[in-house]
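>>> Provided below for reference: sequence and predicted model.
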Amino acid sequence: MPQTFYVTQDEEILSLVGRLRSSALLENVFVVPNHALILQSAVNLRILHREAEKLGKVVTIITQDEAGRALAEKAGIGTKPYSEETRQEAVAAAPLKPHFPADASIGSSDFFSGAPEAAPATQTLRSAPPAIAPTPMPLRVRDATPKKLTTLNSVRETGQAPAQEGTLRIDTRRPAAEQNAAAPLRSSAGQPAAAPAAPVRPVVAPVMSRETPERSASAAQAPTGERLARMYRKNAPPLPPERRSPVADRRSSASGEVKGKGGLWFLLFAGVSLLSLISAGVFFLLPKAEITVVPHSLSKSLEIEFEGKKDGVSADREVPIRLVEREEEVSVSVETTGTSAGNGTKARGTIIISNAYGSEAQPLIATTRFETADGKVFRLTKGVTVPGISDVDGKKEPGVIEAEVLADEPGESYNIGASSFSIPGFKGNPKYEKITGKSKEPMAGGSSEGDSGVKTVSSEDITTAKEESESMFRSMFEESLRSGMIEGENFLPDSVEISLVGSPAHPEAGVVASSFEYKARFKARVFVFSESTLKDNASLMLRRGAGLDDTYETRDVSLEYGEASSDFDKGTMYIKVRATALFASHIDVGMLRTDFLGKDTDGIREVLERHTEVKKIEVNLKPKLFIVSVPNDPDRVTIIVEKP
């Protein structure tokens, strides 16, 4: 049969949890009146249901409150409507109240008169014999003590006369165990029951001094003062505490002072630890509330064409722009892919190039010509940089470098021995005589017959070199442009215009070389605009198109750029943009926190009815077991506005 509890109108959840824990049965029924406090909060009912699950018990609520029953069933608690049948079941399951006798009858003959239906006594009980008064009865045997000492020995702290030597004391008082055993018994009918009388055996306490004949004889021969001293030592009362000397007192006080300091430090440490524990408990145990708020949101998109004007002003479809220009020379090295179509092979070898012109290095590109005295021309296969003059041990030494050269034409006539070379390109310049070449080994490999697989510069190689150099310049320009822009500015990479300045330096197609160097000078220009201004203008246009008032604020604006055209001569630019804006209702966090203070579930619903800008909320109370409403302290309430 289940355990039944009757709940009062204003009984709280902690009381019900205590009743449930104290119940010894698995099934428990709570009879709750209409509009009781426990039925007003879903949090309370969830706490009761969770506590029942922890204890492994089943809880059922009987009430006529339909709203409370619905709330309890939603919390997972079984319910029954209140009726005559359920009332009788609850009364039958209610625990019997134990009967206690009235205080007035305790100890009287009517003490058991109020006991319910006591069974009659089945046997005759004998009354206990009267208790013997615990009065000591001294029995004098011999009095050998002088009369003048009797008065001295009778001085005791307890106020009783001491037993004299040679006296036997008979103590008729019984031990506590025997007295308890002699206490009157009572039958189940409430009448006194007699216990068998036990014989009383007196306890003899000998007080006689245990002296041998030798000790008695020596004591008789001792002087009277010594005999008195011995007697006093035997019968004297306890001595008062020993009085210590001032030196010992000072030592004791010094030791106590040291111990006192240690105790003071211990108390100080304990106080600090206790204060830390209290602070931690206040921080973690005081109620907190974290409220997450989701506002209403709206997203709108629109395709807009903006016009940018150099040194212009901001308007609905107009944005100010500025022109950025840059000019720079770049150089790239390209491997050749062409091959020679003629017959025979060309001679090749190594020369040492010296620079006696100045301290600055002299760069030489691939295919640079070196000519012998008899007019035979050899070309560099790769570009090199000849070092300038250096100072070695106080002497000026020209800079030198070793490079590979290839004959300008095939044939055995170019298989020449060690020779000196000049650079025809420096004729008419002081460098002609100062920058020269010289070979230490003969040239070899020249023939009028043989394969035609010698690498040469092709037109495709020149086109590749131009594209690589332009791409390099574009990357350098865009990187420099981004590092110099103001925050909020942007540019469109497709609108960057790049042009070639002057003629690039490169060998002609068909020149024999395994690689060559391409040098060119480029110029770039582009319009830079304020992207933040573009977003602001797009947001205003979208807000007006959606008919939103000031209660909505702009949360985010994204732009997708389409076609763009620039006229650098007129200083204008046209940009097609698809703008998307996200609008959300404005949340006054301070006002919302104030309205939520101290509110339970019903109070929070009332607050939401007044704040129409809130779409939904999530309330997290800590600690969850005991807190059922938002704290009244605003410092312990946190409002988080979630992004829509």
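Nice, thanks for sending it over.
>>> What are the buried residues along the helix or strand harbouring F30?
Using DSSP states H and E, F30 maps to strand 27-31. Of all the residues in strand 27-31, those buried under the rule 16 or more other Cβ atoms under 10 Å are N28, V29, F30, V31. For the C-beta atoms, the positions are set from N, CA and C on the backbone; glycine is no exception.
>>> Just the closest of the residues you listed to R578, please.
Minimum distance to R578 across these is 63.4 Å, recorded for F30 (Cβ to Cβ).
>>> just the strands in the stretch 1-150 of the chain please.
3-6, 27-31, 58-63, 78-81, 137-139 (DSSP state E, counting those that start in this stretch).
>>> before we move on, back to that, got the buried residues of strand 27-31 as JSON lines, with distance to E307 and pLDDT columns?
Below are the buried residues of strand 27-31 laid out as JSON lines (distance: Cβ to Cβ, whole Å; pLDDT from 0 to 100):
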{"residue": "N28", "distance to E307": "79", "pLDDT": "94"}
{"residue": "V29", "distance to E307": "80", "pLDDT": "93"}
{"residue": "F30", "distance to E307": "76", "pLDDT": "92"}
{"residue": "V31", "distance to E307": "80", "pLDDT": "92"}
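>>> Of these, just say which sits nearest to R610.
For the buried residues of strand 27-31, the minimum distance to R610 (Cβ to Cβ) is 35.5 Å, reached by F30.
>>> so what's that closest one up against?
By Cβ atoms under 8 Å, 6 or more residues apart in numbering, F30 lies in contact with F5, V7, L16, V59, T60, I61, I62.
>>> Highest neighbour count among those residues?
Within the contacts of F30, neighbour counts (other Cβ atoms under 10 Å) peak at I61, which reaches 27 neighbours.
>>> so how far is L55 from that residue?
Distance, I61 to L55, using Cβ to Cβ, to the nearest Å: 16 Å.
>>> Over to S422?
The gap separating S422 from L55 is 109 Å, by Cβ to Cβ.
>>> This structure - how does it break down into domains?
Per automatic domain parsing, the structural domains of the chain span 3-93, 325-330+461-526, 343-451.
>>> Quick one: closest of those domains to A289.
Set against A289 and scored by Cβ to Cβ, the domains of the chain come closest in domain 3-93, at 12.7 Å.
>>> sorry, back to before: from the buried residues of strand 27-31, pick the one nearest F477.
Of these, the one sitting nearest to F477 (Cβ to Cβ) turns out to be F30, at 81.3 Å.
>>> Secondary structure element holding G358?
Applying DSSP H and E, one finds G358 in no helix or strand.
>>> R555 now?
strand 552-567.
>>> Pairing partners for that strand, with directions?
Here strand 552-567 has these sheet partners by DSSP bridges: strand 572-585 (antiparallel).
>>> What residues sit buried inside the strand it pairs with?
Residues of strand 572-585 classed as buried by neighbour count (16+ other Cβ under 10 Å): T572, M573, I575, V577, A579, A581, L582, F583, A584, S585.
>>> And those residues, which is closest to S483?
Taking Cβ to Cβ as the measure, S483 lies nearest M573 of the buried residues of strand 572-585, at 21.9 Å.
>>> what are the bridge partners for the closest one, then?
Counting by DSSP bridges, M573 forms beta bridges with G308, S566.
>>> Report the contact partners of it.
Neighbour list for M573: E307, G308, K309, I321, S495, F527, F529, A564, S565, S566, D567 [criterion: Cβ under 8 Å, 6+ apart].
>>> out of everything not next to it in sequence, what's closest to the last one?
Meaning D567. Closest residue in space to D567, ignoring its immediate chain neighbours: M573 at 7.3 Å, by Cβ to Cβ, 6 or more residues apart in numbering.
>>> how near is that neighbour to G68?
Noted for M573: a distance of 71 Å to G68, by Cβ to Cβ.
>>> Also I575?
65 Å.
>>> Over to L298?
In this view, L298 and G68 are 40 Å apart by Cβ to Cβ.
>>> So for those two, which residue has more residues nearby?
Legend: neighbour count by other Cβ under 10 Å for L298 and G68, higher for G68 (21 against 16).
>>> List the contacts of that one.
G68 is in contact with V32, N34, H35, A36, I38, L39, Q40, I61, counting by Cβ under 8 Å, 6+ apart.
>>> Roughly how far does it sit from L364?
101 Å.
>>> likewise T63?
According to Cβ to Cβ, T63 and L364 sit 105 Å apart.
>>> Check for me that L534 belongs to a helix.
Yes: L534: assigned to a helix according to DSSP: H, G, I helix; E, B strand; the rest coil.
>>> To what extent is it buried, counted in neighbours?
By the criterion of other Cβ under 10 Å, L534 has 23 neighbours.
>>> Spatially nearest residue to it, not counting backbone neighbours?
Using Cβ to Cβ, 6+ apart and skipping residues adjacent in sequence, the residue nearest L534 is V319, 5.5 Å away.
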